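Novice: Next come a sequence and a model predicted from it.
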Amino acid sequence: MNPRFQPLCSAFLLSIASLLVSAHAEDAQAINRSAHVLAGIAPADAGELVKSQVWKAHSAAMQKEWSRYEASTLKPMDGWAAAEVAPHSKDLRVVRYLFSGPDVLHVLRMFPDADTYILGGLEPIGAAPDLDRLSGRSASLAFAEVRKSLEEIIRFSFFKTKDMKVDLANATFSGTLPIMCLFLAHSGHTLADIEFLALKKDGTLKSLGDRHVGADAVKIVTSPRSGRAKTIFYFRTNVADGYIEKSGFLTFLQSQPSGCAFLKAASYLLHNSYFSKVRGHLLDSSRVLVQDDSGIPLRHFAGKRWEVRLHGRYTGPIDLFRGDFQ
């Protein structure tokens, strides 16, 4: 290379890199702004939208529901997790939360000391929320859709898969990612990076950058108000036997360190023989597992490895799952 050209070339590459970093920062800032507005929280740079009566009504409704839910569920969960879970999980950095849908909210509260959270479900990922899509009646519709999609999790602490499939597919901000961004904003996390991924059959991940079409997974990196950064994966995947190995998802899970697992409102799927592979993986890879009775049946925890601690009062499953009584 011509020695006189080399400094110019280096300067040009540095200039390109600076532009990329600047564009990336602007993208993250825009996503954070959108997530806060959807959560009913006014960011400093929200613009005219938060001055509208439509958003003010949305914000008031969201704040009312969140305040009630914090008092009734999230604060008690924090206390219970600190007393019952943290002493056993504080040194474990990876949490597997399958059958989660977009519910990053509860896993962060149950395992606040973890670094990496692996979520999974059948629901599509969608794109990051973008406020530029909102104006006039579209804003009113979008805010109403957000509130409707959160009704069940705020009333029952879980999403119903059948309802979620309809709500997330047809919404202005479709898929799980906008709801996850909203939950993270509400939980005090700043979104530092969002990267869409393709899952290869050998269990490795290929970056798709900011292209969400055709993605099998999304990786979110956050910066909380205090503590360490969090890395959150959501995989759109089927974990039934016959699918979990072919997709490469089981191989990916096996490549991750052992840690904690969380199972909640899992529709008793792990009671069935055709979910044996993911059930076996969770039992093998977990040093702490927190679940309700819809998770792994107690008979699978036999032996000296597990110390089972039961909490609450067991009344049995609802009629739909009465065959899974323990």
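Specialist: Cool, the structure landed.

Novice: Any stretches of the stretch 101-250 of the chain with poor pLDDT?
Specialist: Flagging of the stretch 101-250 of the chain using pLDDT under 70 yields the residue ranges 133-137, 153, 155-170, 224, 226.

Novice: Going along the chain, name the helices of it.
Specialist: With DSSP state H, counting those that start in this stretch as the criterion, the stretch 101-250 of the chain has helices at 104-110, 137-156, 161-170, 177-186, 249-255.

Novice: of all those, which lies closest to residue 268?
Specialist: Relative to residue 268, the nearest member of the helices of the stretch 101-250 of the chain by CB to CB is helix 161-170, separated by 12.4 Å. All C-beta spots, glycine's among them, are computed from the backbone N, C-alpha and C.

Novice: quick revisit: and the helices of the stretch 101-250 of the chain, which is most packed in?
Specialist: helix 177-186 (a mean of 26; mean count of other CB atoms under 10 Å).

Novice: helices or strands next to it in the packing?
Specialist: helix 5-38, helix 104-110, helix 137-156, strand 189-199, strand 217-224, strand 230-236 (3 or more CB pairs under 8 Å, 6 or more residues apart in numbering; DSSP states H and E).

Novice: quick one, the last one and strand 217-224 angle?
Specialist: With axes from the mean of the first three to the mean of the last three CA atoms, to 10 degrees as the basis, strand 230-236 and strand 217-224 are set at 160 degrees to each other.

Novice: same thing with the fourth one?
Specialist: An angle of 160 degrees separates the directions of strand 189-199 and strand 217-224 when computed by the same axes, to 10 degrees.

Novice: contacting residues around the residue positioned nearest the centre of the chain?
Specialist: Nearest to the mean C-alpha position of the chain, counting by CA atoms, centre = their mean, stands residue 104 at 3.5 Å. Residues near residue 104 by CB atoms under 8 Å, 6 or more residues apart in numbering: 117, 119, 180, 183-184, 232, 234.

Novice: how about these in CSV, adding distance to residue 131?
Specialist: Listed next are these as CSV, based on distance: CB to CB, whole Å:
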residue, distance to residue 131
117, 26
119, 25
180, 17
183, 18
184, 16
232, 22
234, 22
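
Novice: what's the closest of the residues you listed to residue 293?
Specialist: For the contacts of residue 104, the nearest to residue 293 is residue 119 (20.8 Å; CB to CB).

Novice: any idea how far that closest one lies from residue 139?
Specialist: Separation of residue 119 from residue 139 (CB to CB, to the nearest Å): 29 Å.

Novice: Check residue 316 too.
Specialist: Distance, residue 316 to residue 139, by CB to CB: 45 Å.

Novice: So what would you say the end-to-end distance of stretch 93-113 is?
Specialist: Stretch 93-113 has an end-to-end distance of 7 Å (CA to CA, to the nearest Å).

Novice: List the buried residues of stretch 52-70.
Specialist: Under the neighbour-count criterion of 16 or more other CB atoms under 10 Å, stretch 52-70 has 52, 54-55, 58-59, 62, 65-66, 69 buried.

Novice: Please list the members of those that lie in helices.
Specialist: Among the buried residues of stretch 52-70, the members falling in helices (DSSP state H) are 54-55, 58-59, 62, 65-66, 69.

Novice: out of the helices of the stretch 101-250 of the chain, which comes closest to residue 290?
Specialist: helix 104-110 (6.2 Å).

Novice: Run the chain-centre distance for the closest one.
Specialist: Relative to its parent chain, helix 104-110 has a centroid offset of 9 Å by CA atoms, centre = their mean, to the nearest Å.

Novice: Hmm, residue 230 is touching residue 221, no?
Specialist: Yes: the criterion here is CB atoms under 8 Å, and residue 230 meets it with residue 221 at 7.3 Å.

Novice: Compare those two (neighbour count), which wins?
Specialist: Taking other CB atoms under 10 Å, residue 230 and residue 221 do not tie; residue 230 has more neighbours (21 against 16).

Novice: Identify the residue spatially nearest to that one, adjacent ones excluded.
Specialist: The shortest distance from residue 230 to any non-neighbouring residue, by CB to CB, 6 or more residues apart in numbering, is to residue 222 (4.7 Å).

Novice: any idea how far residue 231 is from that neighbour?
Specialist: Taking CB to CB, one finds residue 222 at 8 Å from residue 231.

Novice: Who has more neighbours out of these two?
Specialist: Comparing residue 222 with residue 231 by other CB under 10 Å, the one with more neighbours is residue 222, at 23 against 18.

Novice: partners of that one in the sheet?
Specialist: Judged by DSSP bridges, the bridge partners of residue 222 are residue 191, residue 230.

Novice: right, and it touches residue 191 too?
Specialist: Yes: at 5.8 Å, residue 222 counts as touching residue 191 under the criterion of CB under 8 Å.

Novice: list residues touching both of the two?
Specialist: residue 184.

Novice: how about stretch 222-237 as CSV, C-alpha atoms only?
Specialist: Presented in CSV, the C-alpha positions along stretch 222-237 are these (Å, rounded to 0.1, in the frame of the first residue of the first chain):
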residue,chain,number,x,y,z
THR,A,222,-29.6,-3.9,29.1
SER,A,223,-28.0,-1.5,31.5
PRO,A,224,-30.0,-1.5,34.8
ARG,A,225,-30.0,1.5,37.1
SER,A,226,-27.6,-0.4,39.4
GLY,A,227,-25.7,-3.7,39.2
ARG,A,228,-24.5,-5.6,36.2
ALA,A,229,-25.7,-5.5,32.6
LYS,A,230,-28.2,-8.2,31.6
THR,A,231,-28.3,-10.3,28.5
ILE,A,232,-31.8,-11.6,27.6
PHE,A,233,-32.5,-14.1,24.8
TYR,A,234,-35.9,-14.9,23.5
PHE,A,235,-36.3,-17.9,21.1
ARG,A,236,-39.3,-18.6,19.0
THR,A,237,-39.1,-22.3,19.1
